[in-house]
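**Student:** no FASTA, just this:
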């Protein structure tokens, strides 16, 4: 069974918690987002940081979420890219602006190395 999980950065400080994980509650009209995190209730999070777990881990068994920067070795050659969602599949956006969908079998070649919210150097080439 596929695990449906989201993450987001809390708006307020919660001790040393940088990310919360759980079910997402989204109000698209007002751009309000909450993550219903186990033991924490509904935590307000920054709208732009909400990302969904893509359903497969990377080669180190780490969950991959939308907005993660991943190292890859496949048809694009070695490098890194940012995971994004575009109906009906997840894709990888790389530095030269190329966007590609990937196969489930490609996950064993990915390694999460950061994300666009904590590591702005990964976001810069995506949004140029």
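**Tutor:** Received the coordinates, thanks. This one's a predicted model, so the numbers in the text were calculated from it and none came from an experiment. Numbers count the residues shown, from 1 in each chain.
**Student:** and stretch 69-78, what's its mean pLDDT?
**Tutor:** Mean pLDDT, computed over stretch 69-78, is 69.
**Student:** pull the longest strand from this structure.
**Tutor:** In the chain, assigned by DSSP state E, the strand with the most residues is strand 77-86.
**Student:** partners of the following helix or strand past that strand in the sheet?
**Tutor:** Sequence-wise, the next helix or strand downstream of strand 77-86 (DSSP states H and E) is strand 89-94. Strand 89-94 pairs in its sheet with strand 77-86 (antiparallel), strand 99-101 (antiparallel), by DSSP bridges.
**Student:** mind listing what's buried in strand 89-94?
**Tutor:** Neighbour-count burial for strand 89-94, with 16 or more other C-beta atoms under 10 Å as criterion, is recorded at 90, 91, 92, 93, 94. Just so you know, the C-beta spots here come from the backbone N, C-alpha and C atoms, and that holds for glycine as well.
**Student:** dump those into a markdown table; add distance to residue 49 as well.
**Tutor:** Shown next, in a markdown table, are the buried residues of strand 89-94 (distance: C-beta to C-beta, whole Å):
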| residue | distance to residue 49 |
| --- | --- |
| 90 | 17 |
| 91 | 19 |
| 92 | 19 |
| 93 | 17 |
| 94 | 22 |
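**Student:** of those residues, closest to residue 117?
**Tutor:** Residue 117 lies nearest to residue 93 out of these, by C-beta to C-beta, at 15.1 Å.
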